[in-house]
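Peer 1: what shape does this take:
(2 chains)
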Number of protein chains: 2
Amino acid sequence: MQYRRVVELMTEKELGLHLEVRGWVRSCRHSKEVTFIDVNDGSCLANLQVVAEGSLANYAEEVKRLTNGSAIVVRGEFCASPAQGQAVELRASTIKVVGWAAEDYPLQKKRHSFEFLRQISHLRPRTNSLGAVARIRSALSYAVHSFFKERGFFYVHTPIISTGDCEGAGETFTVSALNLEKLALQGQKLDWRQDFFGRQANLTVSGQLEAEAYAMALGRVYTFGPTFRAENSNTSRHLAEFWMVEPEMAFCDLQDDIDLAEEFLKYLLRYALANCQEDLALMMNYVDKDLSLRLENVAEKAFVRLSYDEAVRLLTDAKVDFSYQVQWGADLHSEHERFLTEQIFKQPVVVTDYPLQIKPFYMRANDDGQTVAAMDILFPGIGEIIGGSQREERLERLVGRMESLGMVLDEYQWYIDLRRYGSAPHAGFGLGFERIVQFVTGMKNIREVIPFPRTPGSAAF
Amino acid sequence: MQYRRVVELMTEKELGLHLEVRGWVRSCRHSKEVTFIDVNDGSCLANLQVVAEGSLANYAEEVKRLTNGSAIVVRGEFCASPAQGQAVELRASTIKVVGWAAEDYPLQKKRHSFEFLRQISHLRPRTNSLGAVARIRSALSYAVHSFFKERGFFYVHTPIISTGDCEGAGETFTVSALNLEKLALQGQKLDWRQDFFGRQANLTVSGQLEAEAYAMALGRVYTFGPTFRAENSNTSRHLAEFWMVEPEMAFCDLQDDIDLAEEFLKYLLRYALANCQEDLALMMNYVDKDLSLRLENVAEKAFVRLSYDEAVRLLTDAKVDFSYQVQWGADLHSEHERFLTEQIFKQPVVVTDYPLQIKPFYMRANDDGQTVAAMDILFPGIGEIIGGSQREERLERLVGRMESLGMVLDEYQWYIDLRRYGSAPHAGFGLGFERIVQFVTGMKNIREVIPFPRTPGSAAF
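Peer 2: Numbers count the residues shown, from 1 in each chain, chains lettered A, B, ... in the order given. Below you'll find the predicted structure:
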């Protein structure tokens, strides 16, 4: 007996096959003579309708008692469905109940709020919407790898446990193997030299610096891994643990970097449009009706590119009463970014050449002495989705900047070495992966697009 | 002027092209009239020979002073090479020195020990051997994703920060955002409720339990991410941070699991053989001359499958004086595993049905009451490369086992839920990704196959 997954049967043309399906009851309608069971096995959004006649040996004892969530194995004949709502169905010859769902199974056939579903993150992928998000996330992950592979990039696993801090002032989690409870009681100075790595270690905030080392060897590389912020932000936009994609290219300037980033984002959107149609259709029906139009728009139109100078001018000229004042030298706030993308241009915007003083040490100084070769890509409804820059490849400039920021050069000697041995212009960017999953799925809260979100006060599961 | 990467030029048939190459000097031979420069851009192992005539404008001032490691941009004509050693070369019309290598550049044209190279992990991918390892690692990563995609698995990002401990007794790193230095001085009881997540958190040792939750929704899933052990093992086999691949399948038993694991390993080996020929040839020349033969052997022959009972009998009958005695009920030691794979069978061996008392709580109890549906795949020269099992899907059995181990059920309620709501047989395994990279590259020390190894006393870079 051939075991088939539902996703395969949705395109199977050969009727009359005898086959086996294994999955979970999504809903069922019982009567004395017949039960219709929608079976889902997670391989796709669609359920397969199983028709169970009263003549089945376990009809009264088991089939008629089936409830949502139960696991079953069905054998039967794969047929055209005479009824509306589905093209095909499985006429059961046997139904084996593998696992009953307890009576308090929380996923009944009604819409549950995302807040409620977050309390049961271990069950929520069994819902239509969160299952679709999980499949779309998986498809986008694959697209990340195929995009870079097609362009000759190598995937590099940069370290998670780190002893530096890429952003200079990020709030990081400490990683320790010390018996902290015991040490706390002792009331003595903590000696990190006794810790596992012989010094204080933390969770990485970015793989960029290490990716730069590999770019200066392999030419084109990217990372795709978890990064961390110990920032106490309980918002719909922040996670303490999230995944970042960070390409880095040698012999590459800011324009090449922007070109790659734009091509990359469009590739991801087109990939989703081509490969996740069924799941996207669900998101359009239940989450965001303009989803597909929005994705197609962004995938086709050239992004607007303008300098920070111009952005500030446009925002100032707009005479809007922002909560935060627009001022040259200050970072753009979310409201400003959204005004640019949603009101002025109604499409993605790339802002370049930000003031030096608001950007990290590694960004390349422009000739004006005031700005750096940085770029942020802003998306309507999302805000910043990508941040990148050309890196400072000139030894004296880099060291000078680090000294002016009071950084401990010894800690970064290896990074400085990259400018002492065959330095070359290079650039890269970071994509917060959850942001693109949000954009593609239309999900408003970032906690819905990662399987088990980590946020202040919450690391259950 | 067309910019081309060296890897493209190695298969370029059209001679006479005028093009630009960007890379680093691997070696050069200077004379008064001409300089031969081997340029590497990391896109492949091969260098492109650049011929620089004395007539170049900057010949005396720059070209003749070039040393290893310098970054250059060369424009010229792509030609057949009249000399032996390479088929093609680039006859330079201009050479721009983009970045000089300081005189103390540590990578000169001689072989460096892997121990030495580990001290300069930021530069070692510029060597032939570590560059090859990095490219092979990247290729194998891609193969992981394509293998599972082709089989309808979804990639799931399971959490890195965790509040459980999958193995029950693993040594884990604590993750904290508390001001530990300040708290240590105070000499009071540490209150984890004040910490970022409101409780003690640690770095995951496995994504399996969370992957199980997703397998029970999407059917077939896999993880591929970093995992951590705070084990003070300073050996050539251990890392504090390493990458694991963990598939998990619903409606799947131990035999299906072994079948998938064997197919997976063979796929990875065949992928490397087909896609990494140049880099593998280098590893054969310098690291392990039998490499390719070994990979082909393992990729083609069926793995030996035997029970733990049989393994113990074979090892006992062998009458070898092992350091650790072979005894039913004790775990197999590395020497036993190697004896099975290297002496008795001379090929990979799958050992199944280990004693219950030496295996974790989640493994499915066999009917004999003594063993569990576990499997380890042992490789010659490597030892255990994959460990897996069918999971205990029966609620009473699982809870009984957890209670007998003194586990706090409340902490695992979500995991237990998976057995209360539509439980189904399911199974999975874990591949230590570095182990397969070691097997494919022939590298003896695991620290050579991850970019920036984290080990006791060492988390530099």
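
Peer 1: drop to CA atoms for contacts and neighbour counts, all remaining ones
Peer 2: Fine.

Peer 1: quick check: phi and psi on the nearest residue to A:Pro355 once chain neighbours are set aside?
Peer 2: For A:Pro355, the nearest residue in space outside its immediate sequence neighbours is A:Thr371; the separation is 4.2 Å by Cα to Cα, 6 or more residues apart in numbering or on different chains. Listed backbone geometry of A:Thr371 is phi -130, psi 170, with angles given as degrees, to the nearest 10.

Peer 1: likewise for the one 3 residues further on?
Peer 2: Dihedral angles phi and psi of A:Ala374 (degrees, to the nearest 10) take the values phi -110, psi 160.

Peer 1: just to revisit the earlier point, burial count for the residue nearest to A:Pro355?
Peer 2: Residue crowding around A:Thr371 was assessed by other Cα atoms under 10 Å in any protein chain shown; the count is 22.

Peer 1: quick one: the helices in the stretch 201-350 of chain A, in order.
Peer 2: Shown for the stretch 201-350 of chain A, the helices assigned by DSSP state H, counting those that start in this stretch span residues A:208-218, A:254-275, A:277-286, A:291-300, A:308-317, A:334-338.

Peer 1: contacts only, for the residue in the stretch 51-200 of chain A positioned nearest to chain B.
Peer 2: Taking Cα to the nearest Cα, chain B has its nearest neighbour within the stretch 51-200 of chain A at A:Gly187, 3.5 Å off. For A:Gly187, the contacting residues are B:183-188, taking Cα atoms under 8 Å, 6 or more residues apart in numbering or on different chains as the criterion.

Peer 1: in PyMOL, how would I select the buried members of those residues?
Peer 2: In PyMOL, selecting the buried portion of the contacts of A:Gly187, with burial taken from 16 or more other Cα atoms under 10 Å in any protein chain shown, looks like this:
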select buried, chain B and resi 183+184+185+186+187
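
Peer 1: and which of the contacts of A:Gly187 is nearest to A:Val351?
Peer 2: Lowest distance from A:Val351 to the contacts of A:Gly187 (Cα to Cα) belongs to B:Leu183, with 43.2 Å.

Peer 1: that older thread, quick one, which of the helices of the stretch 201-350 of chain A is nearest to B:Leu117?
Peer 2: helix A:208-218 (13.9 Å).

Peer 1: what residues does that closest one touch?
Peer 2: Counting by Cα under 8 Å, 6+ apart, residues outside helix A:208-218 touching it are A:154, A:156, A:158-159, A:166, A:221-223, A:246-250, A:415, A:418, A:423-424, B:41-44, B:122-123, B:125-126, B:131, B:461.

Peer 1: that helix: how far from the chain's middle?
Peer 2: Taking Cα atoms, centre = their mean, to the nearest Å, one finds the center of helix A:208-218 at 23 Å from the center of the full chain.

Peer 1: on that earlier part again, nearest to B:His336, of the contacts of A:Gly187?
Peer 2: When those are ranked by distance to B:His336 (Cα to Cα), B:Ala184 comes first, at 45.3 Å.

Peer 1: just the element for the nearest residue to that closest one once chain neighbours are set aside, please.
Peer 2: Leaving out its chain neighbours, the residue that sits closest to B:Ala184 by Cα to Cα, 6+ apart is A:Ala184, at 4.3 Å. Taking DSSP states H and E as the definition, one finds A:Ala184 inside helix A:180-186.

Peer 1: which strands or helices does that helix pack on?
Peer 2: Contact here means 3 or more Cα pairs under 8 Å, 6 or more residues apart in numbering or on different chains; DSSP states H and E; on that basis helix A:180-186 packs against helix B:180-186.

Peer 1: output the helix it packs on as PDB, nothing but the C-alphas.
Peer 2: Once side chains and other backbone atoms are set aside, the C-alpha atoms of helix B:180-186 remain, and they are given as PDB (Å, rounded to 0.1, in the frame of the first residue of the first chain):
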ATOM      1  CA  LEU B 180      26.500  39.700  37.300                       C
ATOM      2  CA  GLU B 181      29.600  41.600  38.400                       C
ATOM      3  CA  LYS B 182      27.500  43.900  40.600                       C
ATOM      4  CA  LEU B 183      25.400  41.000  41.900                       C
ATOM      5  CA  ALA B 184      28.500  39.000  42.800                       C
ATOM      6  CA  LEU B 185      29.800  41.700  45.000                       C
ATOM      7  CA  GLN B 186      26.500  41.900  46.900                       C
END
